[in-house]
Every structure is written in C-alpha cells, then in structure tokens.
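After the sequence you'll find the predicted model.
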There are 2 protein chains.
Amino acid sequence: MFELHHAWASSASRRVRLFMAEKGIAYQSRLVRIGAFEHHTPEYLKLNPSGVIPALVHDGRPIAESGVICEYLDDLQPQPPLRPADPYERAQMRLWVKYADDFCLPNLIVHNWSQHLQPIAQKWSDEELDQRLSRIPTKQRREFWHRIARRPFTEQEKREALENLTKALDRMEQAMASAPWLTGATYSLADIAMVPFVRRIEELAPEALGASRRPLVAGWWDRIRARAAYAQARIGSFAEQAGQDEQP
Amino acid sequence: MFELHHAWASSASRRVRLFMAEKGIAYQSRLVRIGAFEHHTPEYLKLNPSGVIPALVHDGRPIAESGVICEYLDDLQPQPPLRPADPYERAQMRLWVKYADDFCLPNLIVHNWSQHLQPIAQKWSDEELDQRLSRIPTKQRREFWHRIARRPFTEQEKREALENLTKALDRMEQAMASAPWLTGATYSLADIAMVPFVRRIEELAPEALGASRRPLVAGWWDRIRARAAYAQARIGSFAEQAGQDEQP
C-alpha cells in the first residue's frame, strides 16, 4: 500500500505523481499544506528529516526525495521501465535528475514562492517568523523562507532565475539533437524530472517554448502532453493548484 | 579504458577512488590542480559542465558527479555488488549519498577550502578574482571562492560546520543500531560515501570518533580502515595531499 504526501503545485510532487501514473501505481493522496508549515511538524519530519515534500510511505516505511522515490519504484516494479537499460544512458538520466534538483529547482523556487508563499509569510510577526525558521532543518530552505518573509526577491533576481530556467531548455534542445528523448531512444525519469519545470516555463515565458525557437523541445513537450499519464498526474495551473494546496 | 580526473585531497574524488578500489577497476590517474583552476578550463568543462571534480572518462565518454559515477560502475560491472539488492535498502543508500553531497560536503568545504585554497585565493588581485569567478559555472561554488578570497570563514562558522559534521556521526550511530553497515547487512556505496567525511573528522575532531562516545561508528571506522581497498584508495593526510595536489 502506497501513500503519497504531496502538494499539487510542488514540482517535486508533480515529478512523483507523473512517475507513478506512468507506472500505473495507485496511491492514497495525503495533501501537505506548505503555507501552514505542515511539512515541518514532528510527524512529517519522521517521514523526511529534511522537511521537504513529497514523501512516499510504502507498507508503513517512509522514503524521501523525489528522485530516490522514483528509482525505488522502478527497482520495485521494473515494468514498464522508466530508466534506460544502458548504463551510460542511465548515468545521463541521473545527471538530468541532479541538474533538475540542484539547478532548476532553486531557480523555480524564486518564482513559485514569491507567488504562492510570500503573501502568507509576509504576514508573520518577527516572533512567529523566528519560531518557524527554527523548525526548518536545512539552511537553504531557511534562507528561502527568510527571503520571502522579509526581503522579497527583486525583479532583477526573478529575471535571472527565469533566464536560468530557459538555459535548461537550451540544454534539452542540445540533448535531443540526436534522439527523441533526453537520454536517447527511451522515455525515462530524465524526461519526467524536467516536465514540472517546462510546465512552469509554459506559464512564465510561453514564447520560450515556441516551435521556431526550440523545435526539439516544442516537439518533446507536445509528445509529453499527449501521454495519458500526463493528464492523470494533474500538473495543472500553478496559481489554481497553489490555492488548492492551502485549503484546510 | 578508464581515466579518472581527480585530486588526492578532494572528498568526492576520494569516494570514487575507494569505490573503484573495491571493484578492482584499474584506471589512469589524471590530477586536476584546483588552485590553478584547471577544473574551469574549457577542456575540463567538456567532461563536467559543472566544473567540479572528479570526472570519469570511460572509452572516451565522460561521466560527472561522484555518486553518478559510482552507480554507473556498479551498473557496468555488478561484481562485487556495492549496492544493496533490496529496493528499500537501496533507496536508503541513495539518501545517504544525497545527504553526504547536500549536507556534509558544504560543511566540510568550509574547513577544507579555508586550509587549502584560501592562502592561494587571497593573493589574487580584484581583477584576477573577477576573471576567475566569471568562469565558475555554479552559484554555490562562486560564493565559496568569493568567501575564501575576500571574506574568510569565521571561527564561529568553522565551529558550526564542524558541529554539523559531527551530527552526521550521530545519524550514522543511529543507523547502525540494528545493522553493521549504514543500510543494513551489506557494505555499500552509503558507507563509501561517508568515508571521506569521517576521515576528515578524524583529523579535525578525533575525540568525536572515540569508542566511548560513538561505539558503533568507532567500530565501523575500524572495519573500514582494515579493508584492502581503503589503503589502495590513498585517503591520506589532508594537509599533505592538498599540498601534492597543487604541484605542477
């Protein structure tokens, strides 16, 4: 039995939902309200000591980190395979996941949190903010919360973050010069890992996905959206889903 | 044919050297002088666009990131296995690697770079520094270089970084309460990933490894050092190896 602790608008949650939809693995949905700090409660920290979503619970045992969760599910249930069989392509797949986590996500957070969490965090008193910050296990996330609560990202920073995200599209375009998917002939976790970022770029800078500008990415994005799993994963409008995520 | 681009004192390089020694995989050693910025040359960036070491070249094809390199080698040559067969334990292994990369490494860098690279970087003129910083692909590493060149880590920051590293020992002690190795009955990449950090703690705060303080970690460390591969990997004195790394 699988339980997924996630939020609709969260990029890492969207990655796992899409992966599970592709695998045909059913799960119970447990929504985590980020604005209410539900991911920093002692109960949630037992599932993931880093206090980030999503977390998967399988037969009572928790697994954290979206990339690790996806590889776990592929180890557990190899069909249909979502990792290339070739070791070199599989290594490239892991590099895409790492690139999404280490480069794309911090840039997307600048936009997502400014839009979704800043209006909530700015209302906190200094005392409330200190108390909340003290419950955040990682330095990176503490800094992000502090930024949106008291020192909002500037327009210049948002512009740079978006430019960085479009660099990811250039890297994708280059990777697909010789193959239909990011790591070769096989649709894989590499493609799935990039979907949540491309989905947000579609909202933030739709022209970047134009067929004349980046034809291979545009074709890839059409093929992704045509997949049945894409609809099942419910990777919807960020504004709408961020609103849903905070409902009690 | 394998070529490893690495430095003796680098934690991520040490991880890969130990992993390859355990596998019995021979390689040509290519030393990269960090202080001379050899990892930011156009040639090196072709091996790893992030500009960090190590990088492995296998039959002419480059693979970056120490964790990805190790999983690649285990996919390529499964014997002796260095990943647990059980999917849940394997997921735990990946979480240890991620914890080492995302939490332990940034804390260790505070000490390693202050000791090894600060004396080099402080001598650069502002112009030279700007030029070098402009060649660094990642924001995190740009910030670290800027810190050691112009705003050295304080004693307080070093103390906190060392405290964080000893927290990693507590996590290890806890994990081994019910098993001899970090993810269970099998020695794995999880253990290998932590070795370079424990080796440095042995130099920076040897009392933290005392058998009365953390008996399970102390026993683990004895067993690690007794392995033939440990000697082959040449994980020596940081001060000595950092010196060797900068020789032309």
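Cool, got the structure.

And the helices in chain A, which stretches?
In chain A, the helices defined using DSSP state H lie at A:11-23, A:42-47, A:66-76, A:87-99, A:105-116, A:118-121, A:126-133, A:139-150, A:155-175, A:189-204, A:215-225, A:228-232, A:238-245.

want to throw these into JSON lines with distance to chain B?
Where you see a C-beta, it was placed from the backbone N, CA and C, and this is true even at glycine. Output for those, formatted as JSON lines (distance: least, Cβ to the nearest Cβ, whole Å):
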{"stretch": "helix A:11-23", "distance to chain B": "13"}
{"stretch": "helix A:42-47", "distance to chain B": "12"}
{"stretch": "helix A:66-76", "distance to chain B": "4"}
{"stretch": "helix A:87-99", "distance to chain B": "4"}
{"stretch": "helix A:105-116", "distance to chain B": "8"}
{"stretch": "helix A:118-121", "distance to chain B": "21"}
{"stretch": "helix A:126-133", "distance to chain B": "16"}
{"stretch": "helix A:139-150", "distance to chain B": "8"}
{"stretch": "helix A:155-175", "distance to chain B": "8"}
{"stretch": "helix A:189-204", "distance to chain B": "12"}
{"stretch": "helix A:215-225", "distance to chain B": "18"}
{"stretch": "helix A:228-232", "distance to chain B": "21"}
{"stretch": "helix A:238-245", "distance to chain B": "24"}
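
so which of the ones you listed gets nearest B:D170?
helix A:42-47 (15.3 Å; Cβ to Cβ).

Break chain A down into its domains, please.
For chain A, automatic domain parsing gives the domain ranges A:2-76, A:87-245.

So which of these is the most surrounded?
Counting by mean count of other Cβ atoms under 10 Å in any protein chain shown, domain A:2-76 has the highest mean neighbour count of these, with a mean of 19.

Between the two ends of that domain, how far is it?
By Cα to Cα, to the nearest Å, the extent of domain A:2-76 from end to end equals 12 Å.

can you check stretch A:18-37 too?
In stretch A:18-37, first residue to last residue: 25 Å (Cα to Cα).

I'd like the distance from it to the chain centre, please.
On the basis of Cα atoms, centre = their mean, to the nearest Å, stretch A:18-37 sits 12 Å off its chain's mean C-alpha point.

pLDDT averaged over it - what is it?
Stretch A:18-37 shows a mean pLDDT of 95.

do stretch A:55-73 as well
Rounded mean pLDDT across stretch A:55-73 is 98.

Identify the residues contacting A:A85.
Applying Cβ atoms under 8 Å, 6 or more residues apart in numbering or on different chains to A:A85 gives the contacts A:T186.

correction: A:P62
A:46-48, A:55-56.

I'd like to know how far it sits from B:P87.
In this view, A:P62 and B:P87 are 14 Å apart by Cβ to Cβ, to the nearest Å.

A:A239 is in contact with A:N112, isn't it?
No. Look at A:A239 against A:N112 with Cβ atoms under 8 Å: they stay out of range, at 10.4 Å.

For the residue located most distally from the centre of chain A, give me the pLDDT.
Distance to the chain centre peaks in chain A at A:E127, reaching 30.6 Å (criterion: Cα atoms, centre = their mean). Looking at A:E127, its pLDDT reads 95.

Kindly report the same for the one 3 residues further on.
Predicted confidence (pLDDT) at A:D130: the value is 93.

Over to the one 5 residues further on?
On the pLDDT scale, A:R135 is placed at 88.

Was I right to think it contacts A:P42?
No. With contact defined as Cβ under 8 Å, A:R135 does not count as touching A:P42 (9.2 Å).

How much space separates A:A168 from A:L162?
Noted for A:A168: a distance of 11 Å to A:L162, by Cβ to Cβ.

Ok, A:I192 next?
Distance from A:I192 to A:L162, counting by Cβ to Cβ: 22 Å.

what does A:S10 give?
From A:S10 to A:L162 the distance is 19 Å (Cβ to Cβ).

cool, A:D86 as well?
Per Cβ to Cβ, A:D86 is found 34 Å from A:L162.

just A:L56 next, same as before
Distance from A:L56 to A:L162, by Cβ to Cβ: 31 Å.

my guess is A:Q118 meets A:P152, correct?
Yes. Counting by Cβ under 8 Å, A:Q118 does reach A:P152; the two are 5.9 Å apart.

quick one: A:E143 and B:A100, what's the gap?
21 Å.

Alpha carbons of stretch A:151-165, in PDB - could you do that?
Output of stretch A:151-165 as PDB, limited to C-alpha atoms (Å, rounded to 0.1, in the frame of the first residue of the first chain):
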ATOM      1  CA  ARG A 151      13.400  40.500   1.800                       C
ATOM      2  CA  PRO A 152      11.300  39.600  -1.300                       C
ATOM      3  CA  PHE A 153      13.200  38.600  -4.400                       C
ATOM      4  CA  THR A 154      13.700  41.600  -6.700                       C
ATOM      5  CA  GLU A 155      12.500  41.900 -10.300                       C
ATOM      6  CA  GLN A 156      16.200  41.500 -11.300                       C
ATOM      7  CA  GLU A 157      16.500  38.300  -9.400                       C
ATOM      8  CA  LYS A 158      13.300  36.900 -10.900                       C
ATOM      9  CA  ARG A 159      14.500  37.800 -14.400                       C
ATOM     10  CA  GLU A 160      17.800  36.000 -13.800                       C
ATOM     11  CA  ALA A 161      16.000  33.000 -12.400                       C
ATOM     12  CA  LEU A 162      13.800  32.800 -15.400                       C
ATOM     13  CA  GLU A 163      16.900  33.200 -17.700                       C
ATOM     14  CA  ASN A 164      18.500  30.200 -15.900                       C
ATOM     15  CA  LEU A 165      15.400  28.100 -16.400                       C
END
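
Quick one: mean pLDDT for that stretch?
95.

Kindly report the same for stretch A:83-98.
What stretch A:83-98 shows for mean pLDDT is 98.

Reformat the domains of chain A into TSV and put distance to B:L4 next to each item.
As requested, the domains of chain A are arranged in TSV below (distance: least, Cβ to Cβ, whole Å):
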stretch	distance to B:L4
domain A:2-76	25
domain A:87-245	15
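
And those domains: which comes nearest B:V217?
domain A:2-76 (18.2 Å).

Quick check on the residue lying closest to A:A64 once chain neighbours are set aside: phi, psi?
In space, and not counting its chain neighbours, A:A64 is closest to A:N48: 3.6 Å by Cβ to Cβ, 6 or more residues apart in numbering or on different chains. Reported as degrees, to the nearest 10, the phi and psi values for A:N48 are phi -150, psi 110.

A:N48 is in contact with A:I69, isn't it?
No. Using Cβ under 8 Å as the test, A:N48 is too far from A:I69 to be in contact (10.2 Å).

Overlap of the contact sets of those two?
With Cβ under 8 Å, 6+ apart, A:N48 and A:I69 have common neighbours A:A55.
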